[in-house]
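**Student:** Here is a sequence with its predicted model. Questions after.
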Amino acid sequence: MVRMNVFVAGFQHETNTFAPSKANWAAFLAGAGYPPVSRGDAMLELIGPTSLPMGGFIREARARGWTLKPSIWAGAVPSAHVTRDAFERIATAVIEDLTAAMADGGVDAIYLDLHGAAVAEHLDDAEGELLARIRERVGPSMTLVASLDLHANVTERMLRHASAMTAFRTYPHVDMAETGARAASLLAQLHEGARWATRVSRIPFLLPLNAQCTLMAPAQGLMQRLATLEAETGVQLSFAMGFPAADFPECGATVFGHGPDAEVLQRTVQALAADVVARRSEWALELMAPRDAVQQALSISQDEDLAPVVIADTQDNPGAGGDANTTGLLHALLAAGAGQRWPGRVALGLLCDPQAAAAARAAGVGALIELKLGTAVTTYNGGLSDPPVRCRCVVRAVSDGVVPLHGPMTAGGTAHLGASACLDIDGVLVAVSSAKSQMLDLDLFRYLGIEPARMKLMVVKSSVHFRAAFAPIASRIWVAKAPGPMAADPADLPWRKLPSQMARKP
């Protein structure tokens, strides 16, 4: 067992530069769907038990007998740019803690739990900047390993300053902790003397977010191909599919890898990238209009024994920069009389509306109140989303919004959603929160008394992550395109910085 001191820190943000609201320091302090900011030993205690990459790394590091020197872990739900103030607070904390750790017993290696798609107000490549600052502090020889989200927009600067990086292989991300443990293995190999080359191949077109789901073709088969190539060649491969809503020159998917033989590595990276390109036509999207999706759900759900139909409200996905406050699907449910057909068995969530949640909590369970629910927001193409829903509704449940999570992606975590309520509008149950969170866990309905398995129809504000928890109980899953801030098709976005040779769609 090799003993060493490992400095650890985390910075997680997925930036949609077209989104309506930014991630300020308060967003990181709140965490919402993420744990709130933690620092030092408190970070190890808070993040260690979770399914996050840092949690997987901590458990693997302790099993190897390493001494961890914790800095800061800071994550905020996806939004527009990270503010200059927030980024500099995080980066300054990392460098200050690193300097102190080097003076107090030394640092043998570094692990960073990164997303890979963060854009700050003053920096297109936030992770590349953080890695560069760390590398400047520790010099060229120290082992510096990072784990990345599957949606990372991997940059030349990130690859240059990290000794090695490894990305999730599932979407929904059920392998986050596994990826953190794999990063620990890479770190151990490098610290023990492995010398690896790095190679990358950029995919020449953007991959739509919904099409990146690894439960379906083509992503499923490509991840299987990745595993086969690794087994055959011994190289470390990653296929980062990119977050296709960050307007900067290096936005997009990459295949990258590390290995001792540069020629073998280059051939392997190029082989997987060629497979991605060869399946270009398979990345196409199938999206439905909101009213069509609801009408189809009504038409097939006459059978009492049929499992729930799930409709994804993808263009207001708070996991991709939406604010979870648009009402297109709610209007469609009410117009179709879905709640009158199945009272209390139609649900939508999470709708973020702090004013409505506060009013409902003040009124109390059983109260009949009048509300304006949701917001008309500016969409990615400069239009407006649907107007708020003005309604009389019954308060069915209230909560303080502290929600322990147990789902495939989230087990061990806790969501902090603030004042929350279940509102019954003509038989449609709307889960309303004060903080935004993607609907990626059944507990995010259950904490407001909505049992997903009993529903006939559910609308979830998510793109793909919901599938990990909801697919096992669903009879059908459709993706609807209601007006919102997150373009399901990246070709719809008003790009300014993306290179002309990068195709906006497959």
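**Tutor:** Thanks, I have it.

**Student:** rest of the way, CA atoms for contacts and neighbours
**Tutor:** OK.

**Student:** gap between stretch 489-500 and the chain center?
**Tutor:** Mean-position distance between stretch 489-500 and its chain equals 21 Å (C-alpha atoms, centre = their mean, to the nearest Å).

**Student:** With stretch 406-413 instead?
**Tutor:** 14 Å.

**Student:** now swap in stretch 345-361 and tell me
**Tutor:** 22 Å.

**Student:** Just the C-alpha atoms of that stretch, please, in PDB.
**Tutor:** Below are the C-alpha coordinates for stretch 345-361, written out as PDB (Å, rounded to 0.1, in the frame of the first residue of the first chain):
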ATOM      1  CA  ARG A 345     -53.400  11.000 -10.800                       C
ATOM      2  CA  VAL A 346     -51.800  13.500 -13.100                       C
ATOM      3  CA  ALA A 347     -48.700  15.300 -11.800                       C
ATOM      4  CA  LEU A 348     -46.100  17.900 -12.900                       C
ATOM      5  CA  GLY A 349     -42.900  18.900 -11.200                       C
ATOM      6  CA  LEU A 350     -40.800  20.500 -10.100                       C
ATOM      7  CA  LEU A 351     -42.200  23.900 -10.900                       C
ATOM      8  CA  CYS A 352     -40.100  26.600  -9.300                       C
ATOM      9  CA  ASP A 353     -42.200  29.500  -8.000                       C
ATOM     10  CA  PRO A 354     -41.100  30.800  -4.500                       C
ATOM     11  CA  GLN A 355     -44.100  33.200  -4.200                       C
ATOM     12  CA  ALA A 356     -46.700  30.500  -4.900                       C
ATOM     13  CA  ALA A 357     -44.900  28.100  -2.600                       C
ATOM     14  CA  ALA A 358     -44.800  30.700   0.200                       C
ATOM     15  CA  ALA A 359     -48.500  31.600  -0.300                       C
ATOM     16  CA  ALA A 360     -49.500  27.900  -0.100                       C
ATOM     17  CA  ARG A 361     -47.500  27.200   3.000                       C
END
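
**Student:** Could I get the buried residue list for it?
**Tutor:** For stretch 345-361, a neighbour-count test (16 or more other C-alpha atoms under 10 Å) marks 345-361 as buried.

**Student:** right, and Val346 touches Ile425 too?
**Tutor:** No: with contacts counted by C-alpha atoms under 8 Å, Val346 stays clear of Ile425, the gap being 10.1 Å.

**Student:** can you list residues touching both of these two?
**Tutor:** Gly339 (C-alpha atoms under 8 Å, 6 or more residues apart in numbering).

**Student:** and the gap between the spatially most central residue of the chain and Ala197?
**Tutor:** What sits nearest the mean C-alpha location of the chain, by C-alpha atoms, centre = their mean, is Gly319, with 5.1 Å. From Gly319 across to Ala197, the span is 34 Å (C-alpha to C-alpha, to the nearest Å).

**Student:** Restricted to strands, list the buried residues of stretch 345-361.
**Tutor:** Counting by DSSP state E, these place 346-352 in strands.

**Student:** Report the residue ranges of every domain in this protein.
**Tutor:** 5-283, 290-488 (automatic domain parsing).

**Student:** Columns distance to Lys497 on top of those, output as CSV?
**Tutor:** Formatted as CSV, those follow (distance: least, C-alpha to C-alpha, whole Å):
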stretch, distance to Lys497
domain 5-283, 5
domain 290-488, 16
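
**Student:** closest to Lys505 out of the ones you listed?
**Tutor:** Nearest to Lys505 among the domains of the chain is domain 5-283; the distance by C-alpha to C-alpha comes to 5.4 Å.

**Student:** mind checking how far that closest one is from the chain centre?
**Tutor:** 13 Å.

**Student:** Straight-line length of that domain, end to end?
**Tutor:** Domain 5-283 has an end-to-end distance of 44 Å (C-alpha to C-alpha).

**Student:** cool, stretch 109-119 as well?
**Tutor:** Stretch 109-119: ends 26 Å apart by C-alpha to C-alpha.

**Student:** Equivalent analysis for stretch 495-505, please.
**Tutor:** Stretch 495-505: ends 12 Å apart by C-alpha to C-alpha.

**Student:** Give me the contact list for it.
**Tutor:** 204-208, 247-251, 489-491.

**Student:** about what we covered before: mean pLDDT and distance to Arg496 added to the domains of the chain, as CSV?
**Tutor:** Below are these laid out as CSV (pLDDT from 0 to 100; distance: least, C-alpha to C-alpha, whole Å):
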stretch, mean pLDDT, distance to Arg496
domain 5-283, 97, 7
domain 290-488, 95, 13
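
**Student:** Roughly how far does Pro354 sit from Ala23?
**Tutor:** In terms of C-alpha to C-alpha, Pro354 sits 18 Å off from Ala23.

**Student:** correction: Leu384
**Tutor:** 22 Å.

**Student:** what's the neighbour count on the residue nearest to Asp175 when sequence neighbours are not counted?
**Tutor:** For Asp175, ignoring the flanking residues on the chain, the nearest one in space by C-alpha to C-alpha, 6 or more residues apart in numbering is Phe168 at 6.3 Å. When neighbours are counted by other C-alpha atoms under 10 Å, Phe168 registers 27.

**Student:** Only C-alpha atoms, please: export the host helix or strand of Arg59 in CSV.
**Tutor:** Element membership for Arg59, per DSSP states H and E: helix 53-63. What follows is helix 53-63, C-alpha atoms only, in CSV (Å, rounded to 0.1, in the frame of the first residue of the first chain):
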residue,chain,number,x,y,z
PRO,A,53,-17.5,11.6,-8.0
MET,A,54,-15.8,13.1,-5.0
GLY,A,55,-17.7,10.6,-2.8
GLY,A,56,-16.4,7.7,-4.9
PHE,A,57,-12.8,9.1,-4.8
ILE,A,58,-12.9,9.6,-1.1
ARG,A,59,-14.0,6.0,-0.4
GLU,A,60,-11.4,4.6,-2.8
ALA,A,61,-8.6,6.8,-1.4
ARG,A,62,-9.4,5.8,2.2
ALA,A,63,-9.3,2.1,1.1
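
**Student:** which residues are contacting it?
**Tutor:** So helix 53-63 is contacted by 10, 44, 47-50, 67-68, 113, 147, 176-184 (C-alpha under 8 Å, 6+ apart).

**Student:** out of those, which are buried?
**Tutor:** Here, 16+ other C-alpha under 10 Å leaves 10, 44, 47-50, 67-68, 113, 147, 176-184 buried among these.

**Student:** First residue to last residue on stretch 248-260, what's the distance there?
**Tutor:** Using C-alpha to C-alpha, the two ends of stretch 248-260 sit 32 Å apart.

**Student:** buried set for it?
**Tutor:** Quick answer for stretch 248-260 (16+ other C-alpha under 10 Å): 248-259.

**Student:** ok, back up a step: looking at it, the residue nearest to the centre of the chain is touching Ala76, isn't it?
**Tutor:** No: here Gly319 does not reach Ala76: they are 10.1 Å apart, not a contact under C-alpha under 8 Å.

**Student:** What segments of the stretch 401-506 of the chain are helices?
**Tutor:** Secondary structure of the stretch 401-506 of the chain (DSSP state H, counting those that start in this stretch): helices at 443-446, 466-470.

**Student:** mind putting those helices in JSON lines, distance to Ile72 and mean neighbour count included?
**Tutor:** Below are the helices of the stretch 401-506 of the chain laid out as JSON lines (distance: least, C-alpha to C-alpha, whole Å; neighbours: other C-alpha atoms under 10 Å):
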{"stretch": "helix 443-446", "distance to Ile72": "27", "mean neighbour count": "21"}
{"stretch": "helix 466-470", "distance to Ile72": "28", "mean neighbour count": "22"}
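
**Student:** can you pull out the strands in the stretch 151-300 of the chain?
**Tutor:** Ranges of strands within the stretch 151-300 of the chain are 164-167, 197-202, 236-240, 254-259, based on DSSP state E, counting those that start in this stretch.
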